[in-house]
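How does the following fold in three dimensions:
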Amino acid sequence: MRRSPQPVRTARGTRRGSVLYAVMVVITVGALACTTMIVRADAHRTAVRANLEQLRLRAIAWSGVQGVTLEMERQRGTLLDGGDPQLTREWTVWESGGRRGIVRLLPVVEGGDAVMRSESACLDVNLATAGMLAKLPGMSEDLAGRLVAARGAGGLSSPESLGAVPGFTADVLVGVEDAGPKDAGVLAYLTAFASDVNQQMGLTREGRGHAGTPRVHLSQGWSPEVESSLKERVSVEGLAAARACLQARGITTEAGVVEAVRKAGYGAGVSGEVLDVLTVRDDAYPRGRIDVNRASAEVLACVPGFDATSAERAMASRAGVSAEDRRNPAWLVDAGVLTDEQFKEASGWIATRSLVWRVRLEAVIEAAGETSADTRVEGRMEWEAVVDAAGPEARLAYLRDVTFVRQAVMRVTEAEAREAEARAREPAVAEEPPPPAVPPPGPGAAEREQRRRAPIGTSRAAGVNPEAKDARSEGQAVDQEETRARSAPSFQDRRIGRWRGRGV
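Predicted coordinates:
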């Protein structure tokens with residue numbers, strides 16, 4: 001039986017197989033590398049596209065903010081007269097290739113209809129007293145004390161800054177989801193941006209033509225020049241009452257003005273007229289005034305002179321008072337909301353116009369379909385802005401992106417609930433005993449400590465107080481201060497926020 005011939009293995013054949021294997025490996029590695037590069041390029045292109053969309057949305061939103069600012073600036077005269085701004089609710093910024101960028105005004109409060117909110121309808125987080133703050137829904141005396149301690153001397157930049165203060169949880173700040181207005185959270189009642197302008201509103205027929213004229217500071221006193229500037233701006237009764245205030249000494253508050261007018265034999269209506277032409281403040285834009293024509297009952301109940309009953313009475317009465325009469329805060333007395341004494345107490349906190357407004361807007365990029373129902377939203381961004389029209393040029397006092405605020409609040413609320421549950425499961429920790437009492441210092445310790453702390457270059461001799469003032473220099477300072485008080489002070493701009501309306 002013959003055997004079939006066996007294939008002969010040669011070195012050349014083995015070498016060809018190795019080369020073929022190496023080529024296949026190279027091709028595979030190259031294909032993987034190309035695939036990786038394609039994936040990375042596609043991811044980079046997607047990221048670039050997303051960034052461009054974000055930049056486009058920001059440009060649309062910023063155009064909306066500028067539009068609102070410009071509209072409020074043009075309507076400043078209406079606002080100074082106690083009116084509301086009329087804002088465009090929707091407009092198209094650009095349109096191209098079946099796509100368009102749109103700006104829409106949204107309700108400022110979830111579930112509401114109003115697309116703007118007066119900041120003067122809220123309590124100023126930096127100026128309201130602890131007693132006023134404690135009366136707000138959702139607030140307590142403890143939280144009010146923490147707020148006052150947190151704002152310190154510098155103040156809070158915005159009410160949202162309270163999120164960093166212990167005790168101000170998400171539930172306290174923004175309330176419970178789907179809750180009623182009274183459970184909306186304390187942020188619904190707080191502001192840091194409300195400001196009026198120290199200019200006459202023109203409450204009477206004589207003052208109508210002088211709306212926007214700077215008020216006269218009480219420190220100027222009564223003089224022929226002051227009389228000449230006032231006699232055409234107020235009624236005969238208002239001029240006599242203003243003279244009584246300017247000739248009086250020691251009036252430093254609005255309540256003092258009301259009392260002086262009352263002693264002169266005039267009522268609350270004349271007091272309102274006098275407060276419209278005279279001022280005790282050196283603020284060009286007085287902050288913290290609460291608009292009694294727009295504030296809610298919850299906010300009004302916190303104002304000195306008001307309580308819950310009179311706040312509800314004001315809400316029920318102001319709809320029956322004409323817009324002209326509501327320009328004078330004395331309508332509160334005429335309508336039986338406040339007594340003369342209560343009006344005097346409230347006079348330093350109230351106003352009848354709002355010059356600073358909060359809006360919420362969304363920027364949307366839409367792609368048109370065959371029908372309106374097929375319209376596709378390709379991108380969306382939501383901003384909240386506070387526009388201040390108190391000055392000659394409207395300015396942007398506050399701006400923040402609130403696109404993902406709801407999701408953030410939900411996560412924070414869940415985290416706070418988990419932390420509270422974990423603390424409830426922890427065993428109680430015994431309190432540590434107090435440290436031992438420190439013995440009182442011996443004789444002369446205070447003097448030695450004073451000398452030790454004295455700054456370099458000051459006297460450290462025993463019995464010499466480095467902080468003591470020379471009586472002669474002190475007397476000179478007092479004289480200079482009295483001299484300055486007799487002249488009209490220069491008005492200062494102490495508003496929070498510095499952005500201008502057309503430029504960033």
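
Name the residue closest to the centre of this structure, please.
Residue closest to the average C-alpha location in the chain (Cα atoms, centre = their mean): residue 192, at 3.6 Å.

residues touching it, list them.
Neighbouring residues of residue 192 by Cβ atoms under 8 Å, 6 or more residues apart in numbering: 124-126, 155-159, 398, 496. (Glycine included, C-beta is placed from N, CA and C.)

do you know how far it is from residue 265?
In this view, residue 192 and residue 265 are 40 Å apart by Cβ to Cβ, to the nearest Å.

Give the residue spans of the stretch 351-500 of the chain that score low on pLDDT.
The model of the stretch 351-500 of the chain has pLDDT under 70 over residues 372, 406-487, 498-500.

90 instead?
367-378, 403-490, 496-500 (pLDDT under 90).

ok, now the stretch 201-350 of the chain?
The stretch 201-350 of the chain contains residues with pLDDT under 90 at 208, 249.

any chance you could map the helices in it?
With helices called from DSSP state H, counting those that start in this stretch, the stretch 201-350 of the chain shows them at 224-230, 236-247, 254-263, 268-277, 297-300, 308-318, 331-334, 340-346.

Adding distance to residue 80 and mean neighbour count, write these out as JSON lines.
Converted to JSON lines, these look like this (distance: least, Cβ to Cβ, whole Å; neighbours: other Cβ atoms under 10 Å):
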{"stretch": "helix 224-230", "distance to residue 80": "19", "mean neighbour count": "13"}
{"stretch": "helix 236-247", "distance to residue 80": "19", "mean neighbour count": "20"}
{"stretch": "helix 254-263", "distance to residue 80": "19", "mean neighbour count": "22"}
{"stretch": "helix 268-277", "distance to residue 80": "12", "mean neighbour count": "26"}
{"stretch": "helix 297-300", "distance to residue 80": "22", "mean neighbour count": "22"}
{"stretch": "helix 308-318", "distance to residue 80": "20", "mean neighbour count": "17"}
{"stretch": "helix 331-334", "distance to residue 80": "18", "mean neighbour count": "22"}
{"stretch": "helix 340-346", "distance to residue 80": "22", "mean neighbour count": "19"}
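
For the stretch 1-150 of the chain, which segments are assigned as strands?
Shown for the stretch 1-150 of the chain, the strands assigned by DSSP state E, counting those that start in this stretch span residues 90-96, 99-106, 116-118, 123-124.

Return the second one as CSV; C-alpha atoms alone will do.
Only the C-alpha atoms of strand 99-106 are listed here, as CSV (Å, rounded to 0.1, in the frame of the first residue of the first chain):
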residue,chain,number,x,y,z
ARG,A,99,-35.5,77.5,13.5
ARG,A,100,-36.1,80.5,15.8
GLY,A,101,-35.0,81.9,19.1
ILE,A,102,-37.8,83.0,21.4
VAL,A,103,-38.0,84.8,24.8
ARG,A,104,-41.1,84.4,27.0
LEU,A,105,-41.9,85.9,30.3
LEU,A,106,-42.9,83.2,32.9
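
Name the residues that touch it?
Under the criterion Cβ under 8 Å, 6+ apart, residues 56-57, 59-61, 63-64, 67-68, 87-95, 115-116, 359-368, 378, 382 lie in contact with strand 99-106.

Find out how far it is from the centre of the chain, if you would.
Its chain's C-alpha centre and that of strand 99-106 lie 25 Å apart, by Cα atoms, centre = their mean, to the nearest Å.

Listing partners with orientation, what would you give for it?
strand 90-96 (antiparallel), strand 356-367 (antiparallel) (DSSP bridges).

ok so, going back, just the buried subset of the contacts of strand 99-106, written out for PyMOL, thanks.
The following PyMOL line selects those of the contacts of strand 99-106 that are buried, judged by 16 or more other Cβ atoms under 10 Å:
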select buried, resi 56+57+60+61+63+64+67+68+87+93+115+116+359+360+361+362+363+364+365+366+382
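
can you tell which of the helices of the stretch 201-350 of the chain is closest to residue 81?
Among those, helix 268-277 comes nearest to residue 81, with 12.1 Å by Cβ to Cβ.

any idea of the angle that closest one forms with helix 236-247?
Angle between the axes of helix 268-277 and helix 236-247 is 60 degrees (criterion: axes from the mean of the first three to the mean of the last three Cα atoms, to 10 degrees).

of all the strands paired with strand 99-106, which lies closest to residue 16?
strand 356-367 (57.7 Å).

what comes up buried for the helix or strand that that closest one is followed by?
Counting by DSSP states H and E, the element after strand 356-367 in chain order, helix or strand, is strand 376-388. If you call a residue buried by 16+ other Cβ under 10 Å, then strand 376-388 has these buried ones: 379, 381-388.
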